[in-house]
Each structure stands twice: as structure tokens, then as C-alpha cells.
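Peer 1: sharing a model prediction with you, sequence too.
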Amino acid sequence: MSDCCCADTSSSSKTKQACPECGSTCKSAGMPTLYHQVRFPENQGLTTGSYYFCPAKTCSLAYFSNAGNTVSKQHLRSYQAIQDDTLCYCFDIAVEQYVSALEGRRAESIKAFVIQRTQAGECACEVRNPSGQCCLANFKRLENE
């Protein structure tokens, strides 16, 4: 799973904060992710800073900053995909699809496709995934459950 497309480009890329709404552990998200994820006109009011993405599906908060700025998940382009439990935002693979493939022993080709496309530079995790993170580690997590 080291073939991820998302290179760590900032020193704060591994910082974590607790969500002020639900308490979940949240990883930092870069400004390019926010500008692509937050719909117009809300994206016009974003202020540059350190933001974090809350992965908790039941939490209404998508992003929050150290300065107290917040963005609701309802203001995201990917809001429905989050509700639908998307595993891979670049290639539109749902968690349910992959779990079903795991149970039917058909999952290897799905993961191989995503890895192949990622290695070819054809993914866009930083802007398509609301977390700004690559999804490849999530495939492994589901395999181990």
C-alpha cells in the first residue's frame, strides 16, 4: 500500500486534532482539498489556515480550523458520497461493494485496479476525497476486519 498518490507536502500533514463537535480524531486537510470540496458560495469565505477533516459519518462537521472556522458536511460536493460510505472517491467504489467482493472472493481485482490507476498517476485523492488522503490504506483496513 505504499504506492499512494498523496505525498506529504506540508509539515502539518500528520497533525491530528479532536473534533470540537463529536470528539473523533481528525487528520489535517490541505487548502486545495477544501477549495475543491466546499461548494460555492461557501468556498468563497474560506480563510487560509490549518484545517482538519472529521471522518465520523454521524458528525455534521466536515472541517474545522485552529482559528475556530467550521464547515458543515452539507456544504461539501461529496456530501452524498460520504453518506453512501464511499471507499474510493476517485473511482467511485463503495465500502459495501468492496465488502461484498471480499465475501465473494472477488476483491483482489478491485484493489489491483485502484493500485494500477494510482501508480499511473490517474487518481486525484487530494481533491476528490474529502479527507484529502489516499484511500489505499482503507482497503487494507476492510480486509483485516
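Peer 2: Nice, thanks for sending it over. Numbers count the residues shown, from 1 in each chain.
Peer 1: nearest residue to the residue positioned nearest the centre of the chain in space, ignoring adjacent ones along the chain?
Peer 2: Here the mean C-alpha position of the chain is nearest to the C-alpha of residue 131 (CA atoms, centre = their mean), at a distance of 2.9 Å. Of all residues beyond its chain neighbours, the one nearest residue 131 is residue 53 (4.6 Å), with distances taken as CB to CB, 6 or more residues apart in numbering. No exception for glycine: its C-beta is placed from N, CA and C like everyone else's.
Peer 1: that neighbour against residue 63, yeah?
Peer 2: Yes. Counting by CB atoms under 8 Å, residue 53 does reach residue 63; the two are 5.8 Å apart.
Peer 1: between these two, which contacts overlap?
Peer 2: Residues touching both residue 53 and residue 63 by CB atoms under 8 Å, 6 or more residues apart in numbering: residue 29.
Peer 1: now do the same for the residue nearest to the centre of the chain: helix, strand or coil?
Peer 2: Taking DSSP: H, G, I helix; E, B strand; the rest coil as the rule, one finds residue 131 in the coil state.
Peer 1: give the full set of residues in contact with it.
Peer 2: So residue 131 contacts 27, 29, 33, 53, 55 (CB under 8 Å, 6+ apart).
Peer 1: ok, those residues vs residue 109, which is closest?
Peer 2: residue 55 (26.7 Å; CB to CB).
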